[in-house]
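With the sequence up front, the predicted model follows.
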Amino acid sequence: MTAQTGMQTVQLGPNGPTVPALGIGTWSWGDSLFWQYGKDYGADEVRQAFEAAIAAGVNFFDTAEIYGFGESEKLLGQFMQATEQPVMIATKYFPLPWRFAAQAVADALTDSLRRLQVPTVTLYQVHWPFDFFMGQKTLMNALADEVQQGRIQAIGVSNYSAKQMREAQGYLAERGIPLAVNQVQYSLLHRKIETNGVLDAARELGISILAYSPLAQGLVTGKYTLENYQKPTGARSLDPRFSKGGIAKIEPVIQVLKQVGEVHQRTPAQVALNWLVSQGNVVPIPGAKNAEQAAQNAGALGWELSSTEKDEIDQITQAWLQ
């Protein structure tokens, strides 16, 4: 807990920066390729989401150079200029095939910092474990150089397997710098990191997990039910989890989340996020396209599930361990 706000916090990796136990993912901010930015919502709505998150004490935002091709970072930069509250930013480097020299990391970071209008970021992550021509050792050394120059406070990776995490951690250890984070998909309906070695390796090495898609694209919110079933639009229309059969499969999960939520006067989404936080050293980063969603996310903090409730949720979602 921080003395100032009573906010639950997590330290990213060994000796890394301390952030709220919940962040905000900003993939949808400025992205019209995968999301409906500019159509269903726009800059005003995401600015209000930013402000609502800050007001609730959730001041940790995850972005990437590739989100909206830089637009997400630009929006965050503008919003940060308009607040006096401290803001912590995590962004990501995309290992494109033609980025084959260490200088590419420095150049990409320079561009991200310019868009964000800051001299340093809390966390800089490698978006995917692609090697191409640079190789992990060159990549990790380039990141270590940036830590030593003070432009990034901590190093993270994203979508790395247990083996890839250990390799990256080993290269950084040679420089005396810990690997702070592995950002991976983790939700009640995607628990594979508990069985594929990633969570075990993270705990062994002291690496924090940033959990993206922690609400399974909205599936665990209770919004999607058989009673009011409507065929989804956009990318969800291609996802079998959003079919009638997929919704039927998760109904028992939603019932448990609702029952537990009623006890705590919380929503199914807040229960699902709280369960992730309760795993320890896990920071969920749900998206928020508007103020209501940002405030809703923040309601996942400040209370605790009982061990019985955690066990019940664990049991009802066993099918999603594989």
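Noted; the coordinates are in hand.

Against Leu199, how distant is Glu232?
Not Glu; residue 232 is Pro. For Pro232, the distance to Leu199 equals 30 Å [C-beta to C-beta, to the nearest Å]. Any C-beta I mention is one placed from the backbone N, CA and C, and that applies to glycine too.

residue at max distance from the center of this protein?
Residue farthest from the centre of the chain, counting by C-alpha atoms, centre = their mean, is Glu227 at 30.8 Å.

Let me see the contact set for that residue.
Contacts for Glu227 (C-beta atoms under 8 Å, 6 or more residues apart in numbering) come out as none.

Check whether Ala248 really touches Tyr224, as I assumed.
No - Ala248 sits out of contact with Tyr224 when judged by C-beta atoms under 8 Å, with a separation of 10.7 Å.

who's more crowded, the two?
Tyr224 (22 against 12; other C-beta atoms under 10 Å).

right, and the more buried one touches Gly218 too?
Yes - in this structure, Tyr224 is within contact of Gly218 by C-beta under 8 Å, at 6.8 Å.

ok, which stretches of the stretch 51-200 of the chain are strands?
Along the stretch 51-200 of the chain, the stretches classed as strands by DSSP state E, counting those that start in this stretch are 60-62, 88-93, 121-126, 152-158, 179-185.

which one of those has the most crowded surroundings?
Most buried of the strands of the stretch 51-200 of the chain, by mean neighbour count (mean count of other C-beta atoms under 10 Å): strand 60-62, with a mean of 28.

Check which helices and strands that strand sits against.
Applying 3 or more C-beta pairs under 8 Å, 6 or more residues apart in numbering; DSSP states H and E, we find strand 60-62 packed against strand 24-25, strand 88-93.

neighbouring strands for the last one, and are they parallel or not?
The one in question is strand 88-93. Here strand 88-93 is paired, per DSSP bridges, with strand 60-62 (parallel), strand 121-126 (parallel).

host element of the nearest residue to Ala319 once chain neighbours are set aside?
In space, Ala319 comes closest to Lys249 once its chain neighbours are excluded; the distance is 7.9 Å by C-beta to C-beta, 6 or more residues apart in numbering. Using DSSP states H and E, Lys249 falls within helix 244-264.

Tell me the buried residues in that helix?
Within helix 244-264, the residues that count as buried by 16 or more other C-beta atoms under 10 Å are 247, 249-250, 253-254, 256-257, 260-261, 264.

ok, and what's touching that helix?
With contacts defined as C-beta under 8 Å, 6+ apart, helix 244-264 is touched by 188-189, 219-220, 222, 224-226, 229, 239-241, 266-268, 270-272, 303, 305, 309, 312-313, 316-317, 319.

pLDDT on it, on average?
Mean per-residue pLDDT for helix 244-264: 94.

Would you mind writing the CA trace of the helix or strand of the chain with the lowest mean pLDDT as PDB?
Least confident helix or strand of the chain, by mean pLDDT, DSSP states H and E, is helix 244-264 with a mean of 94. The C-alpha trace of helix 244-264 is given here as PDB (Å, rounded to 0.1, in the frame of the first residue of the first chain):
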ATOM      1  CA  LYS A 244     -23.800 -19.300 -29.000                       C
ATOM      2  CA  GLY A 245     -21.800 -22.400 -28.100                       C
ATOM      3  CA  GLY A 246     -19.000 -20.400 -26.700                       C
ATOM      4  CA  ILE A 247     -21.300 -18.200 -24.500                       C
ATOM      5  CA  ALA A 248     -23.000 -21.400 -23.300                       C
ATOM      6  CA  LYS A 249     -19.700 -22.800 -22.100                       C
ATOM      7  CA  ILE A 250     -18.900 -19.800 -20.000                       C
ATOM      8  CA  GLU A 251     -22.300 -19.400 -18.400                       C
ATOM      9  CA  PRO A 252     -21.300 -21.400 -15.200                       C
ATOM     10  CA  VAL A 253     -18.300 -19.100 -14.800                       C
ATOM     11  CA  ILE A 254     -20.400 -15.900 -15.100                       C
ATOM     12  CA  GLN A 255     -22.800 -17.300 -12.500                       C
ATOM     13  CA  VAL A 256     -20.000 -17.800 -10.000                       C
ATOM     14  CA  LEU A 257     -18.600 -14.300 -10.700                       C
ATOM     15  CA  LYS A 258     -22.000 -12.800 -10.200                       C
ATOM     16  CA  GLN A 259     -22.600 -14.700  -6.900                       C
ATOM     17  CA  VAL A 260     -19.200 -13.700  -5.500                       C
ATOM     18  CA  GLY A 261     -19.700 -10.100  -6.700                       C
ATOM     19  CA  GLU A 262     -23.100  -9.800  -4.900                       C
ATOM     20  CA  VAL A 263     -21.300 -10.600  -1.600                       C
ATOM     21  CA  HIS A 264     -18.800  -7.800  -2.100                       C
END
